[in-house]
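[1] Just a sequence and a predicted model for now, questions to come.
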Amino acid sequence: MELKFRRNPDYQSLREEMTPEHMFMDRRHILTAAGFLGAGSILGALPACSEPQQTTAKVSAAAGGHPAPGAALKAKKAAYTVADQSTIEDAFRGYCNFYEFGTNKSDPPRYADMMKVSPWEVTVEGETDAPGKYALKDLIDYSKLEERVYRHRCVEAWSMVVPWIGVPMAGVITKLKPKSTAKFVQFETYMNRKEMPGLGRPVLRWPYTEGLRLDEAMNELPLFAVGAYGKALAKQNGAPLRTVLPWKYGYKATKSIVKIRFLADQPATAWNKANANEYGFYSNVNPEAPHPRWSQASERVIGGKGGFNERRNTEIFNGYAKQVAALYAGMDLQVNR
């Protein structure tokens, strides 16, 4: 049966705004290849259409003095990259852990928009000569952003390759003037029960905290990230500020940071408090140190050329031994997990 349609009088002007057919089909092809379409897909866990959200973000970007989620960012490409193909952005945005919103992978994309990220302040306290409350723009120099492509390894034995945007952590730490008595730095995640439904579950002892030895934080690899894929971070990925620690398991990264605390003693961390037998303070990627529920010998690569079916052997320190192995010289990595 032949179908006939009457064109809208404004068809010509609307036509100029239409997504070209080849782009629409290419996007569907990419999602299919990555395993997001078809039987058993996780499409329900992914944002169905992220572009309108990004456009809105650009309009409202200046409200808190820092770019809103989805706003375009300019960054210099740094000499930190990997040979592997980057994870497609839809997978990065839709397949993530952020337990403050819920324990399912679909919960952060579903509920994160409830969180307010502007205005935003970070409290700096403890063993520092520069305590106080800092607006994000006073911590992060947005004129010196770098794009670094890092591997991301979850303890659940899956991984991604992500083009992060941010600034080296070492520079920010130096600006915050830790005292000679500071040996550790702790990060704390935003917590608001009205905006984060997952906080109603006693999965962890909230708020979420993580920490590093100060020499780890001053290494060349750690990043204070404010964006990924050329845009300011989505809320479910840790907007507006998070840490990126590519040689450690993903749970060591702190999302939506509201406190930086310098300490003389090793701080408690969220997962270590929850189960010290499974989650150590260091949490370095180590294929020789198995987790009770997940072998760490290999990993499932998410959203790469093989969709969800590609596997790769896990490397010690996630492939970053050259940059970080000296930090742990003489330590038993099986004991100091």
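    Thanks, I have it.
[2] Spatially nearest residue to the residue nearest to the spatial centre of the chain (excluding sequence neighbours)?
    Among the residues of the chain, the one closest to the centroid is Asn237, at 4.7 Å (C-alpha atoms, centre = their mean). Sequence neighbours aside, Cys96 is the residue nearest to Asn237 in space, at 6.1 Å (criterion: C-beta to C-beta, 6 or more residues apart in numbering). For glycine as for every other residue, the C-beta is placed from the backbone atoms N, C-alpha and C.
[3] Let me know the pLDDT of the one you found.
    Looking at Cys96, its pLDDT is 94.
[4] mind checking the SS state of it?
    Each residue gets one of three states, and Cys96 gets coil by DSSP: H, G, I helix; E, B strand; the rest coil.
[5] Surely it touches Asn104?
    No: the criterion here is C-beta atoms under 8 Å, and Cys96 misses it with Asn104 at 10.7 Å.
[6] Just give the nearest non-adjacent residue to Val149, would you?
    Leaving out its chain neighbours, the residue that sits closest to Val149 by C-beta to C-beta, 6+ apart is Thr81, at 4.2 Å.
[7] Provide the backbone phi and psi angles at that neighbour.
    Torsion angles at Thr81 (phi, psi; degrees, to the nearest 10) stand at phi -150, psi 170.
[8] re earlier: quick one: contacts for the residue nearest to Asn237?
    Residues near Cys96 by C-beta atoms under 8 Å, 6 or more residues apart in numbering: Lys105, Pro108, Pro109, Gln236, Asn237.
[9] min pLDDT across those, which one?
    Lowest pLDDT among those: Lys105, with 94.
[10] helix or strand for it, which one?
    Using DSSP states H and E, Lys105 sits within no helix or strand.
[11] What separation is there between it and Lys74?
    31 Å (C-beta to C-beta, to the nearest Å).
[12] Compute the number of surrounding residues for Ser295.
    Counted with other C-beta atoms under 10 Å, the neighbours of Ser295 add up to 11.
[13] isn't it right up against Ala157?
    Yes: using C-beta under 8 Å, Ser295 makes contact with Ala157 at a distance of 6.5 Å.
[14] out of Lys105 and Lys74, which sits in the busier spot?
    Higher neighbour count among Lys105 and Lys74: Lys105, with 18 against 11, using other C-beta under 10 Å.
[15] Show me where this protein has its strands.
    Secondary structure of the chain (DSSP state E): strands at 76-77, 121-126, 132-135, 146-154, 158-168, 184-189, 209-213, 223-228, 231-232, 242-244, 257-263, 298-301, 311-313.
[16] buried sites along the last one?
    What it means is strand 311-313. Buried residues in strand 311-313, counted by 16 or more other C-beta atoms under 10 Å: none are found.
[17] Kindly report the same for the third one.
    Buried positions in strand 132-135, judged by neighbour count with 16+ other C-beta under 10 Å: Tyr134.
[18] That one pairs with which strands, and in what direction?
    The pairing partners recorded for strand 132-135 under DSSP bridges are strand 121-126 (antiparallel).
[19] ok, residues contacting the strand it pairs with?
    Strand 121-126 is contacted by residues 130-136, 139, 176, 182, 186, 241, 257-263 when judged by C-beta under 8 Å, 6+ apart.
[20] Mind doing that once more with 6 Å?
    Residues outside strand 121-126 that contact it (C-beta atoms under 6 Å, 6 or more residues apart in numbering): Pro131, Gly132, Lys133, Tyr134, Leu139, Leu176, Lys259, Ile260, Arg261, Phe262, Leu263.
[21] and those residues as TSV, adding distance to Pro67 and pLDDT?
    What follows is the contacts of strand 121-126, written out as TSV (distance: C-beta to C-beta, whole Å; pLDDT from 0 to 100):
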residue	distance to Pro67	pLDDT
Pro131	26	98
Gly132	23	98
Lys133	20	98
Tyr134	16	98
Leu139	14	96
Leu176	22	98
Lys259	21	98
Ile260	20	98
Arg261	26	98
Phe262	27	98
Leu263	31	98
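[22] Thanks again, I'm all set now.
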